[in-house]
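*Asks:* The sequence and its predicted three-dimensional model are supplied below.
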Amino acid sequence: MPLPSGVQMDETALIRAAQDGDHAAFEQLVRAYDQSVLRLAMNLLKSREDARDVYQEAFLRVFRNLHSFRFDCSFHTWLYRIVTNLCLDHMRKRKVRKEEPTVVATAEEPFDRLNAVPEERVQGDPQRSLFSGQVRKRIKEALGELSPRERMVFELRHYQGLRLRRIGEILGTTEEAAKNCLFRATQKMRTGLGDLI
Amino acid sequence: MSKGHGEITCAAAREQFAMLLYAELSFDEEERVESHLDGCAACRDALEREKALHAAFDQVETEPSPSLLRECREDLHARLLEEEAAPLPRQIGWWDRFIGGLTLRPVGALALVVVGFLGARLTPLLNLGNGSGAYQAMGLTEPQTSRVRYVEPVSGGRVQIVIDETRERVVSGPLDDQKIRALLLGAAKDPSDPGLRAETMGILNTRAQSADVRDVLIYALGHDQNAGVRLKAMEGLKAFAREPNVRGAFSQVLLSDLNPGLRTQAIDLLTEDANPIVDRQIMETLQELMERGEQQGYVRERSRRVLEAMHASSETY
């Protein structure tokens, strides 16, 4: 998500300062975006270690190449190009290894907001809780059936809330191609989950 | 039904539902789907199922733990120090200015890495003690992430260290607790995290009877960039749809929001029991919509019907 409008005005100055070697400015840039970068990586890769790797590598690449950033696109788009490429690499490697896990298995479980925040509709109703759990399991399975590109577009549109035009910019394709990809992804999801809803 | 409602078949309309919900249809595409929906009850039901499916997707979103974020930041900081210790030819960074000379660089690099490492790892341990040193005076009594930002030798063989810190605390309490409430009201406006805002709205929704909570929900409905957050805010305000300021917020959604789903809900809530005497503002809102050529089929038709029921013209005077 790009910086909110009030902050957006300062972003150019922040980037220029970071390009000039201002460490604090670089850190501010990282802090502005790193939560959403980590969430994207975590959602896509479902692995604490892989998400951590992507986070490190993405911001190191930003650090190393910031001097070549020419404001041809927004910083958000530029950063997300790096992050999505790294995530796609991880996902493609997994497809080859056929190791796609559908459940997060880590030493410390990620913070699942749905579990952490009691939901009134489900709380106290074991049958509905069970149903909710089944739905989640099926959705994770259906997401696992998407191709890496479909998964990426779906993630960026549904969970990150980016418009297809920006997704196209990030992935180096057209808005129309991104739309087709999202269309295929939603069709697959509907096919996989149609009987549940 | 296969055709006859608008210009597309049921199958063609349903194929577009996902894009309709993502608000990614072109003007003409949306118009064709909306026209079809106006006359096809089966497709309206199918759209409701599609909405339920969309809502279900949200259940699997994973939020990284705060500790993971903290670890990532610490790791990155350490890696950046390493990078700075061996800068690329074209980069002249803060490190160069700080050290000011090549000869000191290796010693300084080692010192900063060591101090940074110790600062991050040992400071929490120091805080566990009951000593009366500077750390306690600084109020560092909670688990925290620290990094050394600046070091400087001072007189008497002492060293002054500037620490950049992020403290992390877990608090819990009833929703009616003022401190908890204040934290939630702050989180509802956190510009960096739409997920956090959405969750916060979901919690605040149960306390919308309080004016301060309602104000936050109204603000989010009118200003939040994320449609999901605005939707949650609207849910919380539904029960107060008779309140003038809430009606004003719904009217604003109807007039200005780009999300078709939100606008549909807004007009339903506003016109549930609209009264031409009491609700002159609603009447004028609907007239404005009609006058400027409302494009969303459902909203247009509903406006027309309500204005008819109110015996009001479709134009403003």
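*Replies:* Sure thing, it's come through. Numbers count the residues shown, from 1 in each chain, chains lettered A, B, ... in the order given.

*Asks:* now do the same end-to-end measure for stretch A:39-57.
*Replies:* Terminal residues of stretch A:39-57 are spaced 15 Å apart (C-alpha to C-alpha, to the nearest Å).

*Asks:* do that stretch and chain B meet at all?
*Replies:* Yes - using C-beta under 8 Å from any C-beta of the partner chain, we find that stretch A:39-57 touches chain B at A:39, A:42-43, A:46, A:48, A:51-52, A:55-56. Quick note: C-beta positions are derived from backbone N, CA and C, even for glycine.

*Asks:* Relative to B:A208, which of those residues is nearest.
*Replies:* For the residues of stretch A:39-57 next to chain B, the residue nearest B:A208 by C-beta to C-beta is A:R39; the value is 27.7 Å.

*Asks:* returning to that earlier point: make JSON lines out of the residues of stretch A:39-57 next to chain B and add pLDDT and neighbour count.
*Replies:* Listed next are those as JSON lines, based on pLDDT from 0 to 100; neighbours: other C-beta atoms under 10 Å in any protein chain shown:
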{"residue": "A:R39", "pLDDT": "93", "neighbour count": "23"}
{"residue": "A:M42", "pLDDT": "94", "neighbour count": "27"}
{"residue": "A:N43", "pLDDT": "92", "neighbour count": "22"}
{"residue": "A:K46", "pLDDT": "89", "neighbour count": "23"}
{"residue": "A:R48", "pLDDT": "92", "neighbour count": "23"}
{"residue": "A:A51", "pLDDT": "95", "neighbour count": "28"}
{"residue": "A:R52", "pLDDT": "95", "neighbour count": "21"}
{"residue": "A:Y55", "pLDDT": "97", "neighbour count": "27"}
{"residue": "A:Q56", "pLDDT": "96", "neighbour count": "16"}
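
*Asks:* Now go through those and say which are in helices.
*Replies:* A:39, A:42-43, A:48, A:51-52, A:55-56 (DSSP state H).

*Asks:* now for these, which pair is the farthest apart?
*Replies:* A:N43 and A:Q56 (17.5 Å).

*Asks:* what ranges of the chain fall below the confidence cut-off?
*Replies:* Looking at chain A here, since you left the chain open. Along chain A, the model assigns pLDDT under 70 to residues A:1-9, A:95-132, A:197.

*Asks:* that's the other chain; I wanted chain B
*Replies:* B:1-6, B:86-150, B:164-168, B:191-192, B:274-278, B:314-317.

*Asks:* Quick check: closest non-adjacent residue to the residue in the stretch 201-317 of chain B positioned nearest to chain A.
*Replies:* In the stretch 201-317 of chain B, the residue that lies nearest chain A is B:N226 (5.7 Å; C-beta to the nearest C-beta). Leaving aside its chain neighbours, B:N226 sits nearest to B:P194 (3.9 Å; criterion: C-beta to C-beta, 6 or more residues apart in numbering or on different chains).

*Asks:* which residues sit in contact with the one you found?
*Replies:* Counting by C-beta atoms under 8 Å, 6 or more residues apart in numbering or on different chains, B:P194 touches A:1, A:161, B:224-226, B:228-229.

*Asks:* Quick one: residues contacting the residue of the stretch 201-317 of chain B closest to chain A.
*Replies:* A:1, A:161, B:194, B:197-198 are the contacts of B:N226 under C-beta under 8 Å, 6+ apart.
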